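Colleague: the following comprises the amino acid sequence and a computationally predicted model.
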Amino acid sequence: MIGGLLFTAIFSVFVFADDPPWPDVHPCTGASIPLTTEKAVVQAIECLYDGRVAKVTRQNTGRDDWYYQLRILISGGRVKTLDVHPQTGLPLDPQELEAINASFNN
């Protein structure tokens with residue numbers, strides 16, 4: 001149990017303490033950030049991945065810290081699970097975020 005609590009504490013610090021500066025608008029939808037509804041986050045991810053969100057789960061990581069975990073149906077009928085920042089509508093995984101940034105900078 002202590003190991004789980006320690007993991008949660010470390011994860012929440014990792015996820016939220018070092019958030020990079022937010023863009024003013026979402027790179028795909030153009031919606032103003034911070035996003036304020038679950039629907040806006042779903043639209044942002046559907047736009048980024050050109051897919052359909054099949055499931056949304058709110059994951060709590062600490063007292064007031066949380067993120068969305070989305071399952072999205074993408075091309076070829078594949079399902080991708082993404083952890084998404086609730087205010088930016090961007091993936092939390094640094095590699096996913098880097099790939100998205102690269103695609104919008106080209």
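Modeller: Received the coordinates, thanks. Residues are numbered from 1 along each chain as shown.
Colleague: where along the protein do the helices fall?
Modeller: Using DSSP state H, the helices found in the chain span residues 2-17, 38-49, 94-105.
Colleague: from residue 45, how far out is residue 84?
Modeller: Noted for residue 84: a distance of 6 Å to residue 45, by C-beta to C-beta, to the nearest Å. Yep, even glycine has a C-beta here, placed from its N, CA and C like the rest.
Colleague: what's the burial count for the residue lying closest to residue 68 once chain neighbours are set aside?
Modeller: In this structure, residue 68 finds its nearest non-sequential neighbour in residue 84, 4.5 Å apart by C-beta to C-beta, 6 or more residues apart in numbering. Residue 84: 26 surrounding residues under other C-beta atoms under 10 Å.
Colleague: mean pLDDT lowest where, among the helices of the chain?
Modeller: Lowest mean pLDDT within the helices of the chain: helix 2-17, at a mean of 46.
Colleague: rewinding a little: quickly list what the residue nearest to residue 68 is bridged to.
Modeller: Taking DSSP bridges as the rule, residue 84 bridges to residue 68, residue 91.
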